[in-house]
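A.B. asks: Okay, here's the prediction I keep looking at, along with the sequence it came from:
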Amino acid sequence: MPNAARLMAYPFEDIEPKWQEYWEDHQTFRTPDEPRQLSGEEKVYVLDMFPYPSGSGLHVGHPEGYTATDIVARYKRMQGVNVLHPMGWDAFGLPAEQYAIKTNTHPRDTTKENIAQFKRQLKSLGFSYDWQREINTTDPDYYKWTQWIFLQLYKKGLAYQSEEPVWWCEELGTVLADEEVIDGKSERGGYPCERVPMRQWVLKITEYADRLLEGLDDLDWPESTKEMQRNWIGRSEGANIYFDLVGVDDSLKVYTTRPDTLFGGTYMVLAPEHDLVDEITTDEHREAVEEYRQEALQKSDVERKQEDKTGVFTGGYAVNPATGEEIPVWVADYVLASYGTGAIMAVPAHDERDYAFAQKFDLPIREVVEGGNVDEEAYTEDGPHVNSANDDVDLNGLHNEEAQERIVEWLEEEGKGEHRVNYQLRDWLFSRQRYWGEPFPILFTEDGEDKPVPEDELPVTLPDIETFEPSGSPEGPLSNIEDWVNTTDPETGEPATRETNTMPQWAGSCWYYLRFIDPDNDERLVDPEKEQYWMPVDLYVGGSEHAVLHLLYARFWHKVLYDAGVVSTKEPFQTLVHQGMILGEKEYTTFVDPDGQYVSAERVEDGVDTRTGTEVERKELDEDEVEKDGDVFVLKEQPDVRVEARSHKMSKSRGNVINPDDVVDEYGADTLRLYEMFMGPLEQDKPWSTDDVEGVHRFLNRVWRLLVDDDELAVTDEEPEREQLRELHQTIKKVTQDIEHLDFNTAIAAMMEFLNAANKWDAVPREIAESLVLLLSPFAPHISEELWERLGHDESLAYADWPEYEEALLHREVVEMAVQVNGTVRGTIEVEVDADEEDVLAAAKEDENVARHLDGKTIQREIYVPGQIVNFVAN
RNA sequence: GCGAGAGUGGCGGAAUUGGUAGACGCGCAAGACUUAGGAUCUUGUGGAGGUCCUCCUCCGUGGGGGUUCGAGUCCCCCCUCUCGCACCA
């Protein structure tokens, strides 16, 4: 139903399609790509994280980042900079395949539909993408190069096969990567997963660990994201130490970051999965050890992480190389098989975990670093060493760092150990047992040897299939398609079979930013000249959920491509910004117990009244049913009942999802864009507010009415007044600086202030109207183009010159200054901008209220900050 | 527990090198125009107080101290929230 607001609104529903069509017809945002034509000219590459085109369409979170980059792209174009601003689709992925299984629809078809939907929605928002560069990771012309990159990794020995336990998820019919499994359940769907051994493709990202770590230093990225990557890589320095085993002809290798505490090592612990457990275990203990191992293997990670430590003695002993003592060897699941060597030397005096274990099993605790009280707790800080000497080496008195150096030196001399750098980063499990992914360009000959498909045979395309039933085994769906699996080796003509795993979804997004530079090149991944011109990406905007995986994998591939001479920069993304999450509207929630009584919010946890243990029901309240009492909200009617007041993540189940299409229908794309930028700082999470959307919409209406009266242009050709120019140039300065800093909310506020001032003028001079329209255009391009046209221009404003401010016009002749007495403002005075200090101070003293406060006091000090403040210190 | 970030009106949020806290918007209130108004326009709006109410006073940026002529901003201690990581030897 059209309400009154819509009837009064400017005709956005005509204007927006009109200009979207114009931009398309005129190819307004086509980026020239002849490098010779470009070289020497300034460029900027502004990139959004491309979306996965899901069936539910665009979410209001998408346009947030996309509008931010669009503003920058449009602003830079107007400054004469060459702008690359592309968009594409990360279209391989699990949802399309799950949907295929459910409905027997080919993922290609659903993907195509979803892309069409996303594209329509993005176009309706007026983003200035060069759609000629659109790419799609599922397009064989695209994944040909994904396969090509895999071959480079393969040829450099960075891709290998490994038989290792992986997460097999029965429900999804696939294995998952560690990072896709949370607490033994699939991240997507929450289905149970189990560890089974399987042949996998693995990428040696660990070989690049140090470079991935060092590369972070020079990037203009959020510190939190860099820190997360550093933690993920998890570099630590320490030593490998070898312990001889008693009665077994082998030695036990452990990794430790505290080799200096070696003299305090009073026992050893092996992970239950450790290879030497069988050998070390004595017959007497074998049964107990076996039992413990079985239990440990069946425990979930969560159970294994429980505080209470468990373990069992093997009966075996190892020799501490420093003390010569024989120390017992235990098996315990607090030692992880996947980190270090899967075995540790336990130093209970100086490690909290070992301390807890030693306490529980009554193992000796020997202090070797002074500073704490090891009768009470482990001491993990620095301190002088004690009890740490043998005939060859003496650490006593040394502090941690020196002691570490000394002992490692000694161990190396003795051949009992060596300095060692370790990482938490694991190699990247790169294969998936799915249909909807890039096939590997790998063949297996009849004797089982793997060999690459020759580059000129790429791409290896996905076969067409008719049913999407899971194969029911960890082998993927492709293994059932015999025509495809059975092929011939193009080099020898011998029979061969194809690799039936496919690549994970991360593959296509690891390098898409390069393909945008040269999307149609069928000779190479990217033309080197073009690559050199456009790279690196100058501004990359996307969600912080990709802080580690996508951004680390892409950096890894980029470095491999750098080594291969394909790219010219060491890092792909120079500046990175994460847009915040858009939350649902603020909700006021109260809780009601089964008797119908309100339960105050602080007493409720997980839907249960913590006092009585009974379940409570949620009840949504209207804003006017609550009021603020101190720091909290309470029921108006019953002020002792606290109310929960917060915004929640948008979700279907909560029913608080805002659909961008609805907002565009009701208020127009310019309003949606402007509102999302006005909500607050880009990086911050922000709650949606429909009232605020209307406020922004009103602003656009006021802009329209300022310049258009009854469908006629309403500007004057008279020269602007000095004060009008000052207002304008102040706004130009603020908007320009704010765009540079991505402070879009304050840029919009500045334009609103300007409008409030201009609304008081009798008429708006054309010159000023034009500048205002240009300033607004990156934010609200449709209304701006329309006004620009009505101002008499017959070309798009997309390449019009961005307004520049004149410093001289910014200054007022008279400024207002605050006058303080003892630090409290007591009056304001108007002074000439170039007035002398003496005159200002005199005027300040004359102010009636200031004089009153100075009366009877002696001025001790006069502080004068030109243009800002006067402060009299008096007593 | 560790790491990072953040606490400012009824709400979203502004505040250069420390220099008039609360820009801008929402909401709210009063008025104007109107058959009507949930449209539009104007004005007001942090709280408390004042016999000079187009004026003045006091209090106010999570809490407590400190530095300074002056602190939302700098320093120390504490509290709360959000997000990561979480037996990594």
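C.D. replies: Here it is on my side, so go on. Numbering: from 1, shown residues only, chains lettered A, B, ... in the order given.
A.B. asks: Which neighbouring elements make contact with the helix or strand containing A:Trp167?
C.D. replies: Counting by DSSP states H and E, the element that carries A:Trp167 is strand A:159-169. The contact analysis (3 or more CB pairs under 8 Å, 6 or more residues apart in numbering; DSSP states H and E) places strand A:159-169 against strand A:174-176, strand A:194-203. All C-beta spots, glycine's among them, are computed from the backbone N, C-alpha and C.
A.B. asks: what's the most buried one of the ones you listed?
C.D. replies: strand A:174-176 (a mean of 25; mean count of other CB atoms under 10 Å).
A.B. asks: In chain A, where is pLDDT below threshold?
C.D. replies: Along chain A, the model assigns pLDDT under 70 to residues A:1-8, A:34-39, A:175, A:177-184, A:187, A:300-307, A:470-472.
A.B. asks: domain ranges for it?
C.D. replies: For chain A, automatic domain parsing gives the domain ranges A:4-139+A:509-577, A:148-217+A:225-230+A:427-498, A:236-422, A:587-646, A:660-808, A:812-874.
A.B. asks: and the fourth one, is it in reach of RNA strand B?
C.D. replies: Right, domain A:587-646. Yes - shown here: domain A:587-646 in contact with RNA strand B (CB under 7 Å from any atom of the strand) through A:Lys628, A:Asp631.
A.B. asks: Ends of that domain, what's the gap?
C.D. replies: Using CA to CA, to the nearest Å, one end of domain A:587-646 lies 6 Å from the other.
A.B. asks: just to revisit the earlier point, want to throw the helices and strands packed on strand A:159-169 into CSV with distance to A:Lys185?
C.D. replies: Listed next are the helices and strands packed on strand A:159-169 as CSV, based on distance: least, CB to CB, whole Å:
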stretch, distance to A:Lys185
strand A:174-176, 10
strand A:194-203, 11
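A.B. asks: Any buried residues in stretch A:601-614, and which?
C.D. replies: Residues of stretch A:601-614 classed as buried: A:Ala601, A:Val604, A:Asp609 (neighbour count, 16 or more other CB atoms under 10 Å).
A.B. asks: same check, this time on stretch A:702-717
C.D. replies: Neighbour counts over stretch A:702-717 (16+ other CB under 10 Å) mark A:Val703, A:Trp704, A:Leu706, A:Leu707, A:Val708, A:Val715 as buried.
A.B. asks: residues making contact with that stretch?
C.D. replies: By CB atoms under 8 Å, 6 or more residues apart in numbering, the residues outside stretch A:702-717 that reach it are A:10, A:755, A:758-759, A:763-766, A:769, A:772-773, A:776, A:783, A:787, A:790-791.
A.B. asks: Give me the distance between the two termini of that stretch.
C.D. replies: Terminal residues of stretch A:702-717 lie 21 Å apart, using CA to CA.
A.B. asks: anything in it near RNA strand B?
C.D. replies: Yes - using CB under 7 Å from any atom of the strand, we find that stretch A:702-717 touches RNA strand B at A:Arg702, A:Arg705.
A.B. asks: Find out how far that stretch is from the centre of the chain, if you would.
C.D. replies: From the chain centre to the centre of stretch A:702-717 is a distance of 44 Å (CA atoms, centre = their mean, to the nearest Å).
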